[in-house]
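# could you look at this predicted model? Sequence included:
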There are 2 protein chains.
Amino acid sequence: MIGDNTFVKEMNYKTVLDTIRTQRSVSRAELSRLTGLTRSTCSVICDRMLTQGIIIENGTIESTGGRPSIALQINNRAASVLGLKMMEGHIAAATVDLGGNIIIKHSQSIEPDLSSDAYLKRFEAFVTAIITQHNTAFPLIPMLGIGIGVGGRVSSDGVLLESSVLGWRNVALKQRLQERFALPVHIENDVNTFAIGEKFFGSGQLFDNFLCLSVGEGIGLGIVVNGKLLAGSHHGAGELGHTRVSYEPDSPRCACGKRGCLEAFASDAAVGQRYFARTGKKLGIDALLAAAEAGDEDARTVFSQMGTYLGIAVSSLVNLFDPEAVIIGGERTNAASHFMKDLRRAFEENTVYDLAREVQLIVLEPSNDEWIRGVAALAIGEFFSQAKRWGQ
Amino acid sequence: MIGDNTFVKEMNYKTVLDTIRTQRSVSRAELSRLTGLTRSTCSVICDRMLTQGIIIENGTIESTGGRPSIALQINNRAASVLGLKMMEGHIAAATVDLGGNIIIKHSQSIEPDLSSDAYLKRFEAFVTAIITQHNTAFPLIPMLGIGIGVGGRVSSDGVLLESSVLGWRNVALKQRLQERFALPVHIENDVNTFAIGEKFFGSGQLFDNFLCLSVGEGIGLGIVVNGKLLAGSHHGAGELGHTRVSYEPDSPRCACGKRGCLEAFASDAAVGQRYFARTGKKLGIDALLAAAEAGDEDARTVFSQMGTYLGIAVSSLVNLFDPEAVIIGGERTNAASHFMKDLRRAFEENTVYDLAREVQLIVLEPSNDEWIRGVAALAIGEFFSQAKRWGQ
DNA sequence: CACCTTTGTTCGACCCCCAAACTAAGTATT
DNA sequence: AATACTTAGTTTGGGGGTCGAACAAAGGTG
């Protein structure tokens, strides 16, 4: 890693931009104090950003005995990105401004069991329609990039190496879509976008080391170390669901074919199976949750068992990573009241030292839009880190 | 993170120094090609290093059609550090030059069950004697720092927060010793020094993401992510031994009091216990290894079981971190021939995707001096990263 | 109304790297 | 043996970044 004046300039630019973004509204003098750069340097950098239009001056901040300062803010409406989530039989999308605010949401269903090429043809038509509509409705908010979340392993150059959800292997998504739309395209594993979104917009802004646990149909993990996503050297990091948690030969069989996977203990399907084993009744996860809400003791028990398994898994993760926080999201946070108590207990019982007291367990509110800030952060983050060169 | 000219200067200095170190012998022109800096800049930086004495010119490299180049090398004998390992009842020490070469080894036994203060009094006397002897014998090789490895959790400011091996809590080691010896003192968990040593001197030089597994009396893990040790936000990362690997209520009890810990399955003691359960004979680990060597089927079986458990643990780790390599060290590598086959098999069976084929499993040769390059790298690495300011 | 405080700008100085020209010291060719 | 060519390392001038100090702007305070 080497550097010169340009390197320094870009680094300081990025620091100032990040500071304005995380502070939301801040003066040049305050920027100088927060970053350690001199007031003159901050002035020069901010002038550049004002010229670019990436920030705006927004009124004055009342004086504390001297000249009042000028509030600087990210110009959220300077640009937008398109965030998408690829699922089997369904594509979700949203246009989002630089502040992460949703402009318009879109949705498109797709026939199941399509080839990747047929799927992508429909995908491209969908995206084209959104972009056209956006450019008509908001001609002053240029669309700068596309962020896509997908279940599976995605290489750093945007090849979907394998996706069990979509049933694809080795699809050069990024290259194809980038050529098609002439826009920067960023693709990531969906759980990783969760972590990226938390780092950029969510509670992860406070932490440099944290874990994002996604619970629901599968069990996923996004890892942030030293402020950066830990993707792994083959982009396969964070495979928690198929970690073997039982060495017993008769442990439950997982969908992946192996035995003893965490998903065979704590996923939606596993919860349903344990309920079936207790009662002989087959219930979907929503019905099961309703039963637990209604006071069904068997349903409550299987959810609390799920909490215990997850708690042990979290304790193992905390023993390994010693993070500042563990953020729990995913669809099944709507059952948090039925599993968090046991999760927390098992976590505390199985964590070494007294880390359990120091690590924050954060449960996100159940939301259908959680994924949006992930894919938006993916594209916006990339744009911001390139912005130093914008308009040159 | 901000920067100015000084920052750039120091960064480039460090890049050049690291390149010379890892290349062992390299010309200015080659440095320019490897780092991306211009020849002129490399010349200036090398001149500074030559003046400092941290590198030397060592002959010419034969011409390939032009002016022959001058070999630059780290001046290993420019300085030395003292590396120490604190154990119960025993202190091991070695003076080491900048190239990691052992100058002299020392050893000192200490009465067991001492208070931390009594232990440290003897420790200080031992260190004083070594430094005095070193300064007499090698007056031209100044001692620049002390690196210490210890079992337990060590904070970033050098407080031994807790050590089950020594039975101490909250001992401000670094502060006390630094005041006592007027030298920079660096203290780390012993498994972390293993990882640091591998990164600095060993096969870890080739990798930016790898895991160091230490097997023996306990099971330890050192983690390197993005070229840096992952210590954790409370310096508790890498606790693998007490990860729960079995959820069964009757799983073996661990020394820590809990059930189902990995150490209760795969440590020396666990291997001995399983042998006792099979045969009714109590054997120490060395005797057990000798029995396995001699063909005792029961002994061979318990070692191969140990391999299976470790293999599953390694697969879980690889699923999480997706590293480039897993380096296996520790005393029990002397039994590698009896457990690696099963370790490898269990690893391959339980790793998701086809990562098992892409991740290198490296087994270190059994050695009594393995710890030395760890603690040496701890002190030398810190010295090198400060060297840009040396003599100013 | 004079003085103080704080913000933001301007300008000269410093210094780091780079590019290009230059010197040094070999090999290859004729 | 002379010349051309190649590669290594040095010297020099220029560009461009941040810094520090001085200055202008705009409010409060007594």
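Alright, I've got the coordinates.
# report the angle between whichever helix in chain A runs longest and helix B:297-321.
Assignment by DSSP state H gives helix A:297-321 as the longest helix of chain A. Interaxial angle of helix A:297-321 relative to helix B:297-321 (axes from the mean of the first three to the mean of the last three Cα atoms, to 10 degrees): 90 degrees.
# give the rounded mean pLDDT of helix A:297-321.
When pLDDT is averaged along helix A:297-321, the result is 96.
# buried residues, that helix. List them.
A:298-321 (16 or more other Cβ atoms under 10 Å in any protein chain shown). All C-beta atoms are positioned from the backbone trio N, CA, C, and that covers glycine.
# which among those are in contact with chain B?
A:309, A:312, A:315-317, A:319-321 (Cβ under 8 Å from any Cβ of the partner chain).
# name the nearest of those relative to DNA strand D.
Using Cβ to the nearest atom of the strand, A:F321 comes nearest to DNA strand D of these, at 34.0 Å.
# go ahead and confirm that closest one touches B:L230.
Yes: at 7.2 Å, A:F321 counts as touching B:L230 under the criterion of Cβ atoms under 8 Å.
# overlap in contacts, these two.
A:225, B:237 (Cβ atoms under 8 Å, 6 or more residues apart in numbering or on different chains).
# where's A:S304 relative to DNA strand C, distance?
A:S304 is 53 Å from DNA strand C, where distance means Cβ to the nearest atom of the strand, to the nearest Å.
# now do the contacts for that residue.
Contacts for A:S304 (Cβ under 8 Å, 6+ apart) come out as A:338-339, A:341-342.
# what of A:L31?
A:16, A:19-20, A:37, A:42, A:46, A:72.
# where does chain A dip in pLDDT?
Within chain A, the stretches with pLDDT under 70 are A:391-392.
# around chain B, pick out the residues from the stretch 151-300 of chain A.
So the stretch 151-300 of chain A meets chain B at A:153, A:161-162, A:208-209, A:221, A:223, A:225-226, A:228, A:230-240, A:242-248, A:256, A:258, A:265 (Cβ under 8 Å from any Cβ).
# and if we set it to 10 Å?
A:153, A:161-162, A:207-210, A:221, A:223, A:225-228, A:230-248, A:251, A:256, A:258-262, A:265 (Cβ under 10 Å from any Cβ of the partner chain).
# can you select the buried ones from these in PyMOL?
To isolate the buried members of those in PyMOL, using 16+ other Cβ under 10 Å:
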select buried, chain A and resi 153+161+162+207+209+210+221+223+225+230+231+232+233+234+235+236+237+238+239+240+241+242+243+244+245+246+247+251+258+259+260+261+262+265
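# is DNA strand C contacted by stretch A:29-44?
Yes: using Cβ under 7 Å from any atom of the strand, stretch A:29-44 reaches DNA strand C at A:29-30, A:39-40, A:43-44.
# how about A:Y13: what's its closest non-neighbour residue?
Excluding the flanking residues, the one nearest A:Y13 by Cβ to Cβ, 6 or more residues apart in numbering or on different chains is A:K388, at 4.3 Å.
# ignore what I typed, I meant A:R24.
Nearest to A:R24 is A:Q73, by Cβ to Cβ, 6+ apart, at 6.6 Å.
# break chain A into its domains for me.
A:5-74, A:78-196+A:371-389, A:202-368 (automatic domain parsing).
# which one of those domains lies closest to B:N5?
With Cβ to Cβ as the criterion, B:N5 lies closest to domain A:5-74 of the domains of chain A, at 7.4 Å.
# CA atoms of stretch A:180-191 as CSV?
Provided in CSV are the C-alpha atoms of stretch A:180-191 (Å, rounded to 0.1, in the frame of the first residue of the first chain):
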residue,chain,number,x,y,z
ARG,A,180,-27.1,-3.9,-20.5
PHE,A,181,-27.8,-0.8,-18.4
ALA,A,182,-24.6,1.2,-18.6
LEU,A,183,-24.7,1.7,-14.9
PRO,A,184,-22.4,0.4,-12.1
VAL,A,185,-24.0,-2.8,-10.8
HIS,A,186,-23.1,-4.2,-7.3
ILE,A,187,-24.2,-7.7,-6.3
GLU,A,188,-23.9,-9.3,-3.0
ASN,A,189,-25.1,-12.2,-1.0
ASP,A,190,-28.4,-11.2,0.7
VAL,A,191,-27.2,-11.7,4.3
